[in-house]
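[1] 3D, please:
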Amino acid sequence: MKKLLIISALLGFLFKTDAQYNKSVTLTKDQLKDKIKGGWAGQTIGVTFGGPMEFKYNGTIINEYQPVPWYDGYLKKCMEQNPGLYDDLYMDLTFVEVFEREGLDAPVTSHAKAYANAGYALWHANQVGRYNILHGIMPPQSGHWENNPHADCIDYQIECDFAGLMSPGMPNTAAQISDKIGHIMNYGDGYYGGVFLGACYTLAFVSKDINYIIEESLKTIPRQSNYYKCIADVIKWHKMYPNDWKKTWYEIQNKWSEDIGCPDGVFAPFNIDATINSAYVVLGLLYGKGDFTKTMEITTRCGQDADCNPSSAGGILGTMLGYSSIPAYWKMGLKEAENIDFKYTTTSLNKVYEIGFKHALQNIERNGGKISNNSVKIALQTPEAVKFEKSFDGTYPVDKQYVYKSLNDEYAFDFEGTGYVVKGETAKWASESPYVLKMEVYVDGKVQEIAELPTAFTTRRHELCWNYKLPKGKHNVKLKLLNPDKEHDCRITDILIYSDKPDSEANQTVFRFGQPVKKMAKP
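    From the prediction side, this is the model:
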C-alpha cells in the first residue's frame, strides 16, 4: 500500500502542467492568439447553441430527446436575424472598445457611461446599474444590493470574459479589472461569478487540466461566501458521482436553488442568480472532460440561463483548446459570421481577435512578462481571494402580494417586516418615449423618495421602488403618481415582503388586499 502511494505521488508530480510548478509559462505568439480566438469563438458558439433553450426549462433538466438545433449557416443566421441573443458578446465588447479608445487604465467612469448610454436593451442587474448611473449613482454603489435588487444576478458573470482573455495566466490581474467593472452592476455573489469565471479563462491559457483550472480559480473567491461553498460542492459531488452529471445537478437543485434577491426569481422556479448558473457552467466543464460537444450538451441541458452558461463554458474550453482545436462541427459557418459586427458595436469577431491579442500582450508586459519577436513569457500569478462581500445580509423574502393594477393616482399597502420591493412596468418593449412618470413613495407617512420612472424601455426603472433597511415591525407604504398620462401606464404587478429571518423561523403577519393574515412559524 505504501509503495502504491509513493508511485501515485510520483506520477502526480510528473504529469503536473507548467502552471502547477513553474513561475512562468512561455507561449509562441501564434499559440497565444489561437487561444484568444478560441475564447471569443467559443463564447459565440455556446450562446448560439443554447439560445433556443434560454429560460425555457427552469428548475428542470432538458432531456436528451429534446433536440437543440445546430447546422451549417446557423451562426450567421442568428447573428443577422437575432442580434439581441449576443448580449454575452456585445456587453463584453463595450468594455473592450473603451480599453481600445482610452488604454488599459481607462477609468471605471468611462466604462460605466459607455454601457449606460449604449443602445441595447438590458435587464436585471445591468438595467438597474444603467438606471443608477443615469441618475447619478456611480459604481461601485450602482451595483450595491441596497441600490440594486439584482446584485446577485448573473449579469457580470456573462460579461467577464474580456477580463480573463486579456490576462493570460494572471487571475489576480483579471480580478482587479473585475473589481472595477463588475461593481458597475453587481455585488457579492453576483460579482464573484465574474471573478471566478474570469480566473478560469486566465488559467485556461496555461493548463489543459479542467479540474486544476476550476479548483485554482476558486481560490480567488472568499471561502465564507455562498458562491465559494456552492462551487466547492459541485467539485465534491463530481468526485462522488464522476460518471453521472444528473446526480450532481439534482444535488445542486436540492441545496442551492433558492433565490432571495432577484425579484423575478423569488417565490418562482426562474433563477438567474450567478451562483447556481456558475454551478451549471462548472458541472458542464467537469463532466465534459475537455470534450467540446459533451461540454456544450451538458451545460445547456442544465436549464435556466441555458445560453449564457454554454457561452461561458465554451469560451473557457475554447481558450484551453485553442481555436484550431475546436471541432470543425462547431465551427460550421463561423467564417461567414466572423466579419459581422455585433449589433450596437463596431467590432466583429475578426476585429476582437486582433484587439484582444493586443490587449493581452500589453497586460502581460505590464505585469512582469516579456514579449519577444515570436514568443511571449507570462509571469504566472498564484490566485488570491478578493475581498468578502455579501448581498442581502440578514434579509429574507417572506411573502408575495399579487396586485396587477394600474397606478392612476394612489396605492397603499401594509406589511410586517424589514423591507419590500414593488414590481411593475412603465415601459413597453422597444418604446422610445421621452416621457418620465414621477412617483412619490411614502413609508409610514414620510416621503422616502420621488422616483423617476422613464417610459422608454432602455432607460426604464426595473422595479418601481424598494427598501430593505426598515426597522422590523409594521409598516405602511403609499405610492402616489404625480403626473399620470393616459398614453403611459404605470402598472404594479406584485409586491415582495422581506424580514430579518426566513419565514420558517419567525411568525409573520402579512397583509393581502389590506387584510392581515397571520402566518404561523413551521415547527
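[2] List the contacts of residue 26.
    Residue 26 is in contact with 375, 376, 377, 378, counting by C-beta atoms under 8 Å, 6 or more residues apart in numbering. Every C-beta, even on glycine, is put in place using the N, C-alpha and C of the backbone.
[3] That one belongs to a strand?
    Yes: Residue 26: assigned to a strand according to DSSP: H, G, I helix; E, B strand; the rest coil.
[4] which one of the contacts of residue 26 sits closest to residue 325?
    residue 376 (18.8 Å; C-beta to C-beta).
[5] Report the beta-bridge partner residues of that closest one.
    Beta-bridge partners for residue 376, by DSSP bridges, are residue 27, residue 371.
[6] Looking at the contacts of residue 26, state which has the most neighbours.
    residue 378 (28 neighbours; other C-beta atoms under 10 Å).
[7] quick one on the thing from earlier: including pLDDT and distance to residue 172, could the contacts of residue 26 go into JSON lines?
    Converted to JSON lines, the contacts of residue 26 look like this (pLDDT from 0 to 100; distance: C-beta to C-beta, whole Å):
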{"residue": "375", "pLDDT": "96", "distance to residue 172": "23"}
{"residue": "376", "pLDDT": "98", "distance to residue 172": "18"}
{"residue": "377", "pLDDT": "98", "distance to residue 172": "18"}
{"residue": "378", "pLDDT": "98", "distance to residue 172": "13"}
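[8] List just the nearest of these to residue 111.
    Using C-beta to C-beta, these come closest to residue 111 at residue 378, 25.0 Å.
[9] Please verify my assumption that residue 150 contacts residue 131.
    No: the pair residue 150 / residue 131 is not scored as a contact, 10.9 Å apart, by C-beta atoms under 8 Å.
[10] Off-centre distance for the longest helix anywhere in the chain?
    Counting by DSSP state H, the longest helix found in the chain is helix 29-50. Counting by C-alpha atoms, centre = their mean, to the nearest Å, helix 29-50 is centred 19 Å from the centre of its parent chain.
[11] Run the angle between that helix and strand 24-28 for me.
    90 degrees (axes from the mean of the first three to the mean of the last three C-alpha atoms, to 10 degrees).
[12] Use 33 as the first number for this chain going forward.
    With the count now opening at 33, the last piece we talked about shows up as helix 61-82.
[13] buried ones in helix 61-82?
    64-82 (16 or more other C-beta atoms under 10 Å).
[14] Stretch 478-493 too?
    Here stretch 478-493 shows 480, 483, 485, 486, 487, 488, 489, 490, 491, 492, 493 as buried, counting by 16+ other C-beta under 10 Å.
[15] so what's residue 94 up against?
    Counted by C-beta under 8 Å, 6+ apart, residue 94 has contacts 85, 88, 100, 332, 333, 334, 335, 338.
[16] Which helix or strand contains the fourth one?
    Right, residue 332. helix 324-333 (DSSP states H and E).
[17] That helix packs against which elements?
    In this structure, helix 324-333 packs against helix 61-82, helix 306-320, helix 340-353, with contacts taken as 3 or more C-beta pairs under 8 Å, 6 or more residues apart in numbering; DSSP states H and E.
[18] CA-only coordinates of it in PDB, if you can.
    Provided in PDB are the C-alpha atoms of helix 324-333 (Å, rounded to 0.1, in the frame of the first residue of the first chain):
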ATOM      1  CA  PHE A 324     -16.400  20.400 -26.600                       C
ATOM      2  CA  THR A 325     -19.600  18.500 -27.600                       C
ATOM      3  CA  LYS A 326     -20.100  17.000 -24.200                       C
ATOM      4  CA  THR A 327     -19.500  20.300 -22.500                       C
ATOM      5  CA  MET A 328     -22.000  22.200 -24.700                       C
ATOM      6  CA  GLU A 329     -24.600  19.500 -24.300                       C
ATOM      7  CA  ILE A 330     -24.400  19.100 -20.600                       C
ATOM      8  CA  THR A 331     -24.100  22.800 -19.800                       C
ATOM      9  CA  THR A 332     -27.100  23.700 -21.900                       C
ATOM     10  CA  ARG A 333     -29.200  20.800 -20.600                       C
END
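[19] any idea which strand is longest in this protein?
    Longest strand in the chain by number of residues (criterion: DSSP state E): strand 428-438.
[20] counting contacts, what elements does that strand pack onto?
    strand 442-449, strand 523-531, strand 540-544.
[21] Averaged pLDDT, the first one. What do you get?
    I take that to be strand 442-449. Strand 442-449 shows an average pLDDT of 97 in the prediction.
[22] same deal with the last one?
    Averaged across strand 540-544, the pLDDT comes to 46.
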